[in-house]
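# what would the 3D arrangement of this be:
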Amino acid sequence: MGFNIADIMNQWLAYGVFDYVFPFLIIFAVVFAILQKTAIFERGGAAGSTNTAKGINAVIALAVGFLALLNNHVTNFFAVIFPRFGIALAIFLVLIILLGFLGKQDQAGWVGWVLGAGVIIWAWSEWGDMFGNGFVMTSFFDDYFWGIVLVAGIGALIYWMVKSEDGGGKPTPTK
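Presented below is the predicted three-dimensional model:
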């Protein structure tokens, strides 16, 4: 009898891989990439790093990654935002496919913005547990989340319909 993927994922969960290892890796990678791109520790500030600058950047990214995990705010944040991001990504892909079937591939931008705003509001409503109940109207978002999403969706649909009726909002050239 062997392991299945659920057993492996549960073991990783028990070992703290999702709470500490993956958040650390994400923070380390982002900080390291920013330091590499900005080339702060290079002579003359030129892009394209030397080994010494890479070492300094790695040490700083390592320290920031470990320091970020000192309390549970980071792990709680990742536990809230990434599952919601995954759901929004799935919805976005389905909507893009549907828009493709309707011949409206150029309309994908607003769909992404609406879903992105929805994910932020959705995650924001959960952050009240993390930061206390007084964190920026979290009870309002808890009570009215789907209403806000529905109103935003209707508003986006109306905007799309009005924009498509006037030729996509492109100005007509005058002679």
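# by mean pLDDT, point me to the weakest helix or strand of the chain.
Sorting the helices and strands of the chain by mean pLDDT, DSSP states H and E puts helix 108-131 at the bottom, at a mean of 66.
# same question for stretch 155-163: list its buried residues.
By neighbour count with 16 or more other CB atoms under 10 Å, stretch 155-163 contains the buried residues A156. The C-beta positions use only the backbone N, C-alpha and C, and glycine is treated the same way.
# do me a favour and average the pLDDT over it.
What stretch 155-163 shows for mean pLDDT is 76.
# before we move on, what SS does F41 have?
coil (DSSP: H, G, I helix; E, B strand; the rest coil).
# tell me which residues touch it, please.
Counting by CB atoms under 8 Å, 6 or more residues apart in numbering, F41 touches L35, T52, A53, I56, N57.
# do you know how far G147 is from F41?
Distance of G147 to F41, computed by CB to CB, to the nearest Å: 49 Å.
# re the thing from before, mind checking which of the contacts of F41 are buried?
L35, A53, I56, N57.
# check which helix or strand covers the first one.
Applying DSSP states H and E as the criterion places L35 in helix 22-38.
# after that helix, heading C-terminal, what element do we hit next?
Going down the chain from helix 22-38, the next helix or strand is helix 51-68, by DSSP H and E.
# buried residues in that following helix?
A53, I56, N57, I60, A61, V64, G65, A68.
# pLDDT on that helix, on average?
88.
# show the contacting residues for V114.
V114 neighbours (CB under 8 Å, 6+ apart): A152, G153, A156.
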